[in-house]
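In: only geometry, no sequence info:
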């Protein structure tokens, strides 16, 4: 009797920490535009504490997710890059700050995994929906009130994030996440996910975020081709919405259409005069990348500049002399990690991809979600700052953690096909 009471007490405490973790993630991502001490340090610190609490008060040994070796390998690469930047390149504060963000990603993944194993998979899914929906809806609602920035003659809404690209990345993730749940994951509320998909897609179109829109178009077409072969009606509907909206971009004269035309007409140039107005952000990026590669070649060829140190390199700067981020995570990783660590980083990515290989059909649906969202960020990172954005740092890893837990529960025969908005059976046994 005493043993049973002790287990019940431990379960209650662990569940409390799980709910505390989910609440903290929701608050943190909704306040992603806040740069105060509370948002930057206290909330991430409490997330770490909540995950530690779930581990300490779990009544049974928690199984490690199959992704653990691959993610540990990636973590080691980033630790070495941070040590290089902090100890050998002189960028102590910047490299440590970047490493802390990566540590936060690890704890978000672990917290989502543990919460889902504890039986809070339904609550985790609701948190994802709430975060994405609130950000995107507020972005649309606040646009008529001028909440955003005008960049290159095009208004870019920011919502409550304070930065247009942050919000665009969240909307892009939301659209693809909803599309995947409409076409791949069984037992979900079609109305909710189709509404979420339509709203997020609408935002991406009218936010005039070029790379996000083109990436969504590519992924939407790919999903359509794969699912159409299996005669999925929902996939056909999703794909038709993609095609209809994107085909009308230029003819309707949206900001996205104007940016497409400006980029096509401007072409690519590597030389501009000081003070000359650039036709598109693509030209700005190419000039910035060229300067970063030159600085890397001259000063950091083998070692790289260190984790997060791209802002200290001799790329383009603001009028006050502050450096810009790479505006391409792949360029940033190349100049920060150097060729050796970059190669190891790519090995880690492939190992992570391989760890998502499913062993059965029910498990396959969750592995596909993580793989496609990972591929989304890998592609978007070619021309944007995605790695440290809220969409990747928090939302992707909470989805990946939930997916990892569902896959383990399926392998353990504790879970077959979870129904939408129903308690998930199968806590750790």
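Out: Yep, that arrived. Predicted model, so just to flag it, every value in this text is computed and none were measured.
In: residue 190: neighbour count?
Out: By other Cβ atoms under 10 Å, 12 other residues sit near residue 190. Where C-beta positions appear, they are placed from N, C-alpha and C, glycine not excepted.
In: measure it to residue 137 for me?
Out: From residue 190 over to residue 137 the distance is 20 Å, taken as Cβ to Cβ, to the nearest Å.
In: centre-most residue in this protein?
Out: residue 392 (1.8 Å; Cα atoms, centre = their mean).
In: quick check: that one touching residue 385?
Out: No - contact between residue 392 and residue 385 fails when scored by Cβ atoms under 8 Å: they sit 9.8 Å apart.
In: all helices of the stretch 101-250 of the chain, in order?
Out: Applying DSSP state H, counting those that start in this stretch to the stretch 101-250 of the chain gives helices spanning 121-142, 164-183, 190-206, 210-228, 233-247.
In: format those helices as JSON lines; extra columns: distance to residue 361.
Out: Formatted as JSON lines, those follow (distance: least, Cβ to Cβ, whole Å):
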{"stretch": "helix 121-142", "distance to residue 361": "19"}
{"stretch": "helix 164-183", "distance to residue 361": "15"}
{"stretch": "helix 190-206", "distance to residue 361": "21"}
{"stretch": "helix 210-228", "distance to residue 361": "15"}
{"stretch": "helix 233-247", "distance to residue 361": "17"}
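In: tell me the phi and psi of residue 64?
Out: phi -80, psi 140 (degrees, to the nearest 10).
In: isn't there a helix covering residue 61?
Out: No - under DSSP: H, G, I helix; E, B strand; the rest coil, residue 61 falls outside any helix and is assigned coil.
In: that one and residue 110, how far apart?
Out: Using Cβ to Cβ, residue 61 is found at 15 Å from residue 110.
In: do residue 30 as well
Out: From residue 30 to residue 110 the distance is 21 Å (Cβ to Cβ).
In: helix, strand or coil: sort out residue 90 for me.
Out: Applying three-state DSSP: residue 90 is coil.
In: count of residues packed around it?
Out: 13.
In: name the helix or strand for the closest residue to residue 88 other than its chain neighbours, please.
Out: Distances taken as Cβ to Cβ, 6 or more residues apart in numbering place residue 303 nearest to residue 88, at 6.9 Å, with adjacent residues excluded. Of the helices and strands defined by DSSP states H and E, none includes residue 303.
In: I'd like the next helix or strand past whatever helix or strand residue 352 lives in.
Out: Counting by DSSP H and E, the element that carries residue 352 is helix 329-355. With elements assigned by DSSP H and E, the helix or strand that comes after helix 329-355 is helix 361-380.
In: now for that following helix, which elements pack on it?
Out: Counting contacts by 3 or more Cβ pairs under 8 Å, 6 or more residues apart in numbering; DSSP states H and E, helix 361-380 is packed against helix 164-183, helix 210-228, helix 329-355, helix 397-411.
In: could you list the buried residues of it?
Out: 362-374, 376-377, 379-380 (16 or more other Cβ atoms under 10 Å).
In: now swap in stretch 341-351 and tell me
Out: 341-342, 344-345, 348-349, 351.
In: rebuild the residues you listed as JSON lines, extending it with pLDDT.
Out: Shown next, in JSON lines, are those (pLDDT from 0 to 100):
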{"residue": "341", "pLDDT": "97"}
{"residue": "342", "pLDDT": "97"}
{"residue": "344", "pLDDT": "97"}
{"residue": "345", "pLDDT": "97"}
{"residue": "348", "pLDDT": "96"}
{"residue": "349", "pLDDT": "96"}
{"residue": "351", "pLDDT": "96"}
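In: noted, bye for now.
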